[in-house]
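Enquirer: Have a look at this fold, sequence not included:
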């Protein structure tokens, strides 16, 4: 079956990752008509496989990426104000030892080697303090506390750490539920008039005079449809080059470098709520982060990923690398049996010709092509922290094509469920627990961290768990599943247990299969 949409959208966005939905939301809020197509689920690739941090990128200072770091540092607090339910401040503990090394590829390392050859690649304490001083002051920090020095001996921060580390530096960054960030941006875009289509693949797009004709296929029904738009946005993430060359059949010198980042999740390795920033003997860094209340997240690696047709997975080699890396810091010995889950994502970094995956730029590049008539904007690279600024800059580039485009508006504007001040988080969690006393504290915290003020809409007038319908396990109720299907674009169990949340860590395969069967039956009944 084929149908055609006679309406001409201002923007047609290809890609439902963070950059695609961010651009769609910004444009819709400026009064533009927007259509977005995602071939799988929202955040199904890179945007659900990050290290879950809103951070300035402390290590990027070693590459002299001061503008990138400054922009990201400013954004941390802007985003924290807009989504205090799915993002929250965290303190990072950076244990120091005099034998720490640089990555020899960094400009800072080369400079020190030239002028201080006796350092032999070591990362001196004064340099770390200088970097942290810049980190504290580049972004005009107002909410987050600054850096301090901590003693590891006899303290909670030092308890799980090897005794050869006596001192650490503690600084601030923010945690974010990455896939929820994507979904909430899509919901807000839709509330402002955008059309969001999941499981919808763009099969071709061509210019006819000054209009794009875009063909899509619904991955579930097989239905094909034609759409029209004045401007096309290629926010395909890892597939941006493939969309450019194969779907749009355009030529470009620009390209992406596909870098795989893998993570491991273990049972909880320590009892406090701070993160660790570990520096390796090879100059790389990894994080160890409290995760989903009962676990520790460790990552990430940087490995070239050549083939997009290959699903990114954490290899045994990468798993063992992270175990060994973390094992240099933790007192307890880690082994493969400690790992309860792994995940991996492909970062589509702008190809700047860097010699290694670690050195490749994390900055974004936006390119407009109007050589054949109707314009197309290609989005190369980017990082989750700067997605909102990327969207603003994308709309700036498109301003010449729309008379009277409205101005910037997204700074500090709350996403669904986040309409409350950051300092009220604890009080609101307590209020939710008081309203639904039958819920365990862990469930209250999970629901608030997912839905914020909308948690009461999910739970409704329930006075007991039985009022929420079928129990799928791990505190997942029928009421929540229906919400996710009707309001948050979820179509299968994987969307819910690995992207809208991480309950897959608590459910077994039989429970996940039962959830999926229930969802498919629900959708079939609705379609009949």
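Expert: That came through fine. Everything numeric in this text was worked out from a predicted model, so none of it was measured. Numbers count the residues shown, from 1 in each chain.
Enquirer: Next, residue 251: phi, psi?
Expert: Note on residue 251: its backbone torsions stand at phi -100, psi 150 [degrees, to the nearest 10].
Enquirer: should've said residue 80
Expert: Per-residue torsions, residue 80: phi -60, psi -40 (degrees, to the nearest 10).
Enquirer: How many residues are close by it?
Expert: 21 (other CB atoms under 10 Å). For every residue, glycine as well, the C-beta is placed using N, CA and C.
Enquirer: cool, the one 10 residues further on as well?
Expert: Under the neighbour criterion other CB under 10 Å, residue 90 is assigned a count of 21.
Enquirer: Strands along the stretch 51-200 of the chain, start to end?
Expert: 53-54, 87-96, 148-151, 167-176, 195-197, 200-208 (DSSP state E, counting those that start in this stretch).
Enquirer: To clarify, my last question referred to the stretch 401-528 of the chain.
Expert: Secondary structure of the stretch 401-528 of the chain by DSSP E, counting those that start in this stretch: the strands cover 471-473, 476-477.
Enquirer: what's the closest of these to residue 430?
Expert: Proximity to residue 430 (CB to CB) singles out strand 476-477 among the strands of the stretch 401-528 of the chain, at 21.4 Å.
Enquirer: Parallel or antiparallel, list what pairs with the closest one.
Expert: According to DSSP bridges, strand 476-477 has the following sheet partners: strand 471-473 (antiparallel).
Enquirer: Report the distance from the partner strand to the chain centre.
Expert: Distance of strand 471-473 from the chain centroid (CA atoms, centre = their mean, to the nearest Å) equals 27 Å.
Enquirer: same thing with stretch 250-262?
Expert: Computed by CA atoms, centre = their mean, the chain-centroid distance of stretch 250-262 equals 18 Å.
Enquirer: okay, the strands of the stretch 51-200 of the chain in TSV with mean pLDDT next?
Expert: Shown next, in TSV, are those (pLDDT from 0 to 100):
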stretch	mean pLDDT
strand 53-54	86
strand 87-96	92
strand 148-151	92
strand 167-176	91
strand 195-197	98
strand 200-208	96
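Enquirer: excluding its backbone neighbours, what's nearest the residue nearest to the spatial centre of the chain?
Expert: Centroid-nearest residue in the chain, with CA atoms, centre = their mean: residue 178, separated by 3.6 Å. Using CB to CB, 6 or more residues apart in numbering and skipping residues adjacent in sequence, the residue nearest residue 178 is residue 50, 4.7 Å away.
Enquirer: what about that neighbour, helix or strand, and which?
Expert: Residue 50 belongs to no helix or strand when elements are defined using DSSP states H and E.
Enquirer: Next, count neighbours for the closest residue to residue 492 other than its chain neighbours.
Expert: Nearest residue to residue 492 in three dimensions, chain neighbours excluded: residue 516, at 5.7 Å (CB to CB, 6+ apart). Residue 516 is flanked by 17 other residues according to other CB under 10 Å.
Enquirer: Okay, now the unreliable bits of this structure?
Expert: 57-65, 99-127, 139, 283, 352-362 (pLDDT under 70).
Enquirer: if you count residues, which helix in it comes out on top?
Expert: For the chain, the longest helix by residue count, based on DSSP state H, is helix 509-527.
Enquirer: how about that helix: buried residues?
Expert: Buried residues in helix 509-527, counting neighbours by 16 or more other CB atoms under 10 Å, are found at 511-512, 514-516, 519.
Enquirer: now, which of those sits nearest residue 68?
Expert: Nearest to residue 68 among the buried residues of helix 509-527, with distances taken as CB to CB, is residue 512, at 39.0 Å.
Enquirer: what sits against that closest one?
Expert: Neighbour list for residue 512: 493-494, 497, 504 [criterion: CB atoms under 8 Å, 6 or more residues apart in numbering].
Enquirer: ok, now with 6 Å
Expert: Going by CB atoms under 6 Å, 6 or more residues apart in numbering, residue 512 touches 493, 497.
Enquirer: Over to residue 287. Which of the three states is it?
Expert: Following DSSP: H, G, I helix; E, B strand; the rest coil, residue 287 is assigned to strand.
Enquirer: My error: substitute residue 367 in the last question.
Expert: Looking at residue 367 with three-state DSSP, the answer is strand.
Enquirer: Is residue 24 in contact with residue 188, as I believe?
Expert: No. Counting by CB atoms under 6 Å, residue 24 does not reach residue 188; the two are 9.2 Å apart.
Enquirer: Have a look at these two and say which one is more surrounded.
Expert: Taking neighbours as other CB under 10 Å, residue 24 and residue 188 compare with residue 24 leading, 31 against 23.
Enquirer: Tell me where the stretch 401-528 of the chain has helices.
Expert: For the stretch 401-528 of the chain, applying DSSP state H, counting those that start in this stretch gives helices covering 425-435, 441-451, 455-459, 478-487, 493-494, 509-527.
Enquirer: Let me know the closest of the buried residues of helix 509-527 to residue 315.
Expert: Nearest to residue 315, judged by CB to CB, of those is residue 512 at 24.1 Å.
Enquirer: Could you measure from that closest one over to residue 498?
Expert: Distance, residue 512 to residue 498, using CB to CB, to the nearest Å: 9 Å.
Enquirer: excluding its backbone neighbours, what's nearest residue 203?
Expert: residue 215 (4.9 Å).
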